[in-house]
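*Asks:* have a look at this prediction, sequence included:
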Amino acid sequence: MLGFNADLAPVADVWSNPDNTVIGDRAYSDDFAQAAELIPEAVRGFHSGGVATTLKHFPGHGDALADSHDGAVYVSKPLEQLRREELLPFRAGIASGSDMVMIGHLILTEIDAAQPAPFSYRIVTELLREELGFQGVVITDGLQMKALTDSYTSGEIARRAVSAGVDILLCPSNPQAAVSALEEAVALGEISEERINQSVRRILAMKVNRGVLKLEG
């Protein structure tokens with residue numbers, strides 16, 4: 001036993017564009033239906049070893065050409081097409097009990113063209129939580145990536161993502177600035193304490209479910 005209790009996997013993206021080198025063979029398949037069959041098996045495999053899982057990169061990075069490490073990434077598929085294609089493995093992984101879902105640094109031009117997905121209430125809360133029924137932990141992709149840092153400060157990223165419904169901010173470039181921005185947003189009433197508490201409860205529930213925290217009695 002090496003002691004790992006969480007993994008930022010499995011990749012639920014589908015390698016539907018062979019020119020995509022960002023996801024590439026990290027994907028389980030280049031076929032949407034096949035990926036939807038394989039992802040639940042991966043989730044169950046991780047769980048059998050006591051490891052929490054993370055479906056990524058919602059709502060699907062496999063058809064994009066650009067790399068969010070280097071700058072903005074755009075996805076132009078309409079929502080109905082995403083429902084038929086990219087969302088299939090995520091639905092299957094959620095149904096199999098994945099602990100977390102990672103939001104990709106994608107701008108979905110047909111859903112919310114004004115901002116990246118981690119800032120979008122429409123994508124994080126309405127699509128992922130309400131439509132797909134995901135009640136677990138929502139985590140961002142790495143916040144040091146240029147897709148966000150080229151245009152936003154760590155404080156702006158933290159406020160926008162938490163307001164959209166994100167629970168965990170992964171690797172902010174300036175962690176203290178992110179914390180200070182959230183504290184200020186709560187003090188000003190821009191983000192409620194209850195909104196913060198929702199995320200805390202989800203994170204604690206995940207730790208209990210995976211045996212990281214033991215409940216007395």
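*Replies:* That came through, no problem. All of these numbers come straight from a predicted model, not from anything done at the bench.

*Asks:* every contact and neighbour count from this point should use C-alpha atoms.
*Replies:* Fine.

*Asks:* leaving out the residues flanking it, which one is nearest to Asp30?
*Replies:* Nearest residue to Asp30, sequence neighbours excluded (Cα to Cα, 6 or more residues apart in numbering): Trp15, at 4.3 Å.

*Asks:* the one you found: neighbouring residues, count only.
*Replies:* Residues lying near Trp15 (other Cα atoms under 10 Å) number 27.

*Asks:* ok, now Ala12?
*Replies:* For Ala12, using other Cα under 10 Å, the count is 36.

*Asks:* and the pLDDT for Gly217?
*Replies:* With respect to pLDDT, Gly217 scores 66.

*Asks:* nope, Leu213 is what I meant
*Replies:* According to the model, Leu213 scores 89 on pLDDT.

*Asks:* helix, strand or coil for it?
*Replies:* Classification of Leu213 using DSSP: H, G, I helix; E, B strand; the rest coil returns coil.

*Asks:* name the element the residue nearest to Asp30 belongs to?
*Replies:* Counting by DSSP states H and E, there is no helix or strand that carries Trp15.

*Asks:* hang on, it packs against Ala64?
*Replies:* No. Assessed by Cα atoms under 8 Å, Trp15 is found out of contact with Ala64, at 9.4 Å.

*Asks:* report the contact partners of the residue most central in space within the chain.
*Replies:* Centroid check for the chain by Cα atoms, centre = their mean gives Met102 as the closest residue, at 1.7 Å. Counting by Cα atoms under 8 Å, 6 or more residues apart in numbering, Met102 makes contact with Thr54, Leu55, Lys56, His57, Phe58, Val138, Ile139, Thr140, Asp141.

*Asks:* closest one to Leu127 out of those residues, please.
*Replies:* Distance to Leu127 across the contacts of Met102 (Cα to Cα) is lowest for Phe58, with 10.3 Å.
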